[in-house]
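Chemist: Based on what follows, work out the 3D shape:
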Amino acid sequence: MARDTVGRWVTGPPGGPCGTLVPLPTGEQTAERPSTPPEEGTVPGPLRDAARTRRALLDAAARSVVVHGAGVSLDTVAREAGVSKGGLMHHFRSKDELLGALADDLFEQFTRAVEDRVDPDDVAPGRRLRAYVHATFDDLERREEAVELATLLATLGSFPEAARRSQDRYRHWNESLAEDGVDPQRVLLVLRACDGVSIAPLFEGPLGRDELATTRDLLLALTRGEGPPA
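Modeler: Numbering: from 1, shown residues only. Just a heads-up that it's a prediction; the model follows:
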């Protein structure tokens, strides 16, 4: 399964482009400035900072799970994010809740990646299924990151809340792509193949570019056929 941005926050440093923490102003600082209403369409500072902290915590959780595995602690995640454990608990009351939110975040990123790859000029049945294939393989081509992503997905599956949310998202894709105009057996075969190739780096290491290209082309061809696969 592909993710557009997972690599930069699984492997990137804390406080990177998607995890920058902006400190809340102190009471003294706020007292020095006149209170003015936010411009229309802008997000008030405290809400914006809370969103950044939440983003930093999810990024830190991903990095920490890859390094420490299922035994990762909330203390470790908080240190990685550069916040106190109390600050983490304000956003996520338990480890299971944090990792469930991380599973949601991964699938939301993947959904955006698929939608970004839908070709507006492609009007044939299966165009969203083809976008799904492209999103999967685009991430696999970032070879070292693909190993980390496979590790992350496999580890999240051992936590009940993360596993439940992941299963809900998989059902969504199964139902959504069943309406893409392609024979259901072809859809099933393509989805299961994408699942398998996404987790393969966990056992085989980074996959070769020629192998990835050949597998991608085979799956794309399946999305264009009619009737059950021969």
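Chemist: rest of the way, CA atoms for contacts and neighbours
Modeler: Noted.
Chemist: Where does pLDDT dip in this structure?
Modeler: Within the chain, the stretches with pLDDT under 70 are 1-48, 230.
Chemist: can you give me the helices in it?
Modeler: With DSSP state H as the criterion, the chain has helices at 6-10, 27-32, 45-68, 74-81, 85-91, 95-116, 127-140, 143-156, 160-177, 184-204, 209-224.
Chemist: Buried deepest among those helices, which one?
Modeler: helix 127-140 (a mean of 24; mean count of other CA atoms under 10 Å).
Chemist: Residues in contact with it: which ones?
Modeler: 1-4, 110, 113-115, 117-119, 145-146, 177, 180, 187, 190, 194, 198, 207, 212, 216, 219-220, 223 (CA atoms under 8 Å, 6 or more residues apart in numbering).
Chemist: residues in contact with residue 70?
Modeler: Contacts of residue 70 by CA under 8 Å, 6+ apart are 155, 156, 158.
Chemist: Can you lay out those as a markdown table showing distance to residue 101?
Modeler: Shown next, in a markdown table, are the contacts of residue 70 (distance: CA to CA, whole Å):
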| residue | distance to residue 101 |
| --- | --- |
| 155 | 14 |
| 156 | 11 |
| 158 | 14 |
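Chemist: nearest to residue 89, of those residues?
Modeler: Nearest to residue 89 among those: residue 156, at 19.4 Å, using CA to CA.
Chemist: Surely that closest one touches residue 103?
Modeler: Yes - with contact defined as CA atoms under 8 Å, residue 156 reaches residue 103; the gap is 7.2 Å.
Chemist: which residues are common contacts for these two?
Modeler: 162, 163.
Chemist: any idea how far residue 119 lies from residue 140?
Modeler: 20 Å (CA to CA, to the nearest Å).
Chemist: Check residue 78 too.
Modeler: 29 Å.
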